[in-house]
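A.B. asks: Build me a model:
(one chain, ligands or ions: 1)
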Amino acid sequence: MDFQLTEEQRILKESVRRLAERHFAEKAFTWGDEYPWENAKILAENGLMGIRIPVEDGGQGGTLMDAVIAIMEIAKVCPQTADVLQAGNFGAIQQIAFLGNEFLKKEVLTKLLRGETIITPAMSEPNAGSAVTDLRTTARFDGDEVVINGSKVFNSNGDHAGYFCVWCRFGKGVESSGAVIVPDTASGFSRGKVEQHMSGEHYVSLYFDDCRVPKEYVLMSEEGFKKLLQVFNVERLGNSSRSLALAELAYEKSLQYSKERIQFDRPICEFQGIQWKFVDMKMRLEQARWLLYKAVVEADRGLPTTLDSSLAKLSCNEAAEYVCREAIQIHGGYGVSQEFPLAYLYERARGWMIAGGSVEMLRNRIASEILERRFSQRPPRPPKA
Ligand SMILES: Cc1cc2nc3c(=O)[nH]c(=O)nc-3n(C[C@H](O)[C@H](O)[C@H](O)COP(=O)(O)OP(=O)(O)OC[C@H]3O[C@@H](n4cnc5c(N)ncnc54)[C@H](O)[C@@H]3O)c2cc1C
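C.D. replies: Next up, the predicted model:
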């Protein structure tokens, strides 16, 4: 067993860090409503999109660990640019890489890998959040086309996306579930107004009103949920990596600040009350890091398991919320000021405790894996008379 990064991984980490400092530091935390497209181009030119997608599909042929190292180094310098890496390495792009047909790989994946556009996962609906299998959006084949009806909510950066991975139903039961890749130019497709999470991150609702796309855009038309969710475990590790990276940034800023801030004629790091905060922050960061690395290393070029990815996400999400919250406290009044990035770091980390599987739903999944049983979350049926 070895707890060190390999030589190649260390070199990757340092070179990505240098790239981030050189190109992304200056505009970090200032993107506001703008999407960092200029950075997407730089990421693509430097081989940081599709890091773990096979070379024959236009990717870099690296490992999941390479992608995690890259997204964490970028996130620590510019969290908004890390959103581009999430879309280009961990998100719905992986659904195409693992499940897509040749047409989707040629037509859509190529553009995503060039950083020209992004694809977002369109799963959540007004009445299907945690209970995602309750989704009502339908798809039906009509000649050479597929026709989609329904709506989606909470689509992150959906105002900037060119494609959506729309989870839908081709028939009545869960077994008829699947997904269709919908370009934003499709007839019958529209977006709602731009809304914002507390961090300022954009999201939109999506509407499909007899929306038509050629049938080559169908990703899966039956028995889809299980496979889509397996691939979604990669998305969860991107979420975990960004949570951990933002927490590390908040921790490092707090350490620095505690050595410089003088109260009662001494730096505040000399107060035991502050020292103990750092101990608890460090402990949570390390626990989260090793659960993340375990999930990632074991997946290698395949897919992470549900148990590993749920443990990693739960622990990274909760560590990040805790660490960013304590970082705010250590910074006193400056911690809650909009002039400092700490409030933003906290708000992003807070959102990830809900996005991509809430911490409660992760606990349900972990319990199910540990006990090797499925526990229905639905109300018990009345006993048969
Ligand atoms: C920052 C952010 C980004 C997002 N981006 C996207 C995106 O790009 N695409 C997309 O499709 N969706 C996205 N979402 C939506 C996200 O997937 C849902 O918010 C999430 O699945 C929870 O659904 P909900 O909000 O409807 O809450 P609900 O499912 O209504 O849950 C409400 C509360 O009840 C708890 N709860 C529900 N069921 C159980 C249970 N069985 N046991 C215990 N507790 C339970 C939940 O954990 C939560 O605390 C995003 C959300 C956020 C916050």
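
A.B. asks: Nearest spatial neighbour of residue 5, chain-adjacent residues omitted?
C.D. replies: Nearest non-adjacent residue to residue 5, counting by CB to CB, 6 or more residues apart in numbering: residue 13, 6.7 Å away. Any C-beta I mention is one placed from the backbone N, CA and C, and that applies to glycine too.

A.B. asks: Quickly find the element holding the one you found.
C.D. replies: Assigned by DSSP states H and E, residue 13 belongs to helix 7-23.

A.B. asks: And the ligand, is stretch 226-237 touching that?
C.D. replies: No - figure legend: stretch 226-237 not in contact with the ligand (CB under 6 Å from any ligand atom); closest approach 9.3 Å.

A.B. asks: Check which residues of that stretch are buried.
C.D. replies: Neighbour-count burial for stretch 226-237, counted by 16 or more other CB atoms under 10 Å, picks out 227, 228, 229, 230, 231, 232, 233, 234, 235, 236, 237.

A.B. asks: Among the residues you listed, name the ones in helices.
C.D. replies: 227, 228, 229, 230, 231, 232, 233, 234, 235, 236, 237 (DSSP state H).

A.B. asks: still on that earlier bit, which of the buried residues of stretch 226-237 lies closest to residue 101?
C.D. replies: Checking the buried residues of stretch 226-237 against residue 101 by CB to CB gives residue 227 as the nearest, at 13.9 Å.

A.B. asks: can you put the ones in helices among the buried residues of stretch 226-237 in a markdown table and add pLDDT?
C.D. replies: Listed next are those as a markdown table, based on pLDDT from 0 to 100:
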| residue | pLDDT |
| --- | --- |
| 227 | 95 |
| 228 | 96 |
| 229 | 95 |
| 230 | 96 |
| 231 | 97 |
| 232 | 97 |
| 233 | 97 |
| 234 | 98 |
| 235 | 98 |
| 236 | 98 |
| 237 | 98 |
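
A.B. asks: For the residues you listed, name the two members farthest from one another.
C.D. replies: Greatest spatial distance among these (CB to CB): 227 and 237, at 17.2 Å.

A.B. asks: Name the helix or strand for the residue nearest to residue 156 when sequence neighbours are not counted, please.
C.D. replies: Leaving aside its sequence neighbours, residue 156 sits nearest to residue 203 (CB to CB, 6+ apart; 5.3 Å). Assigned by DSSP H and E, residue 203 belongs to strand 202-214.
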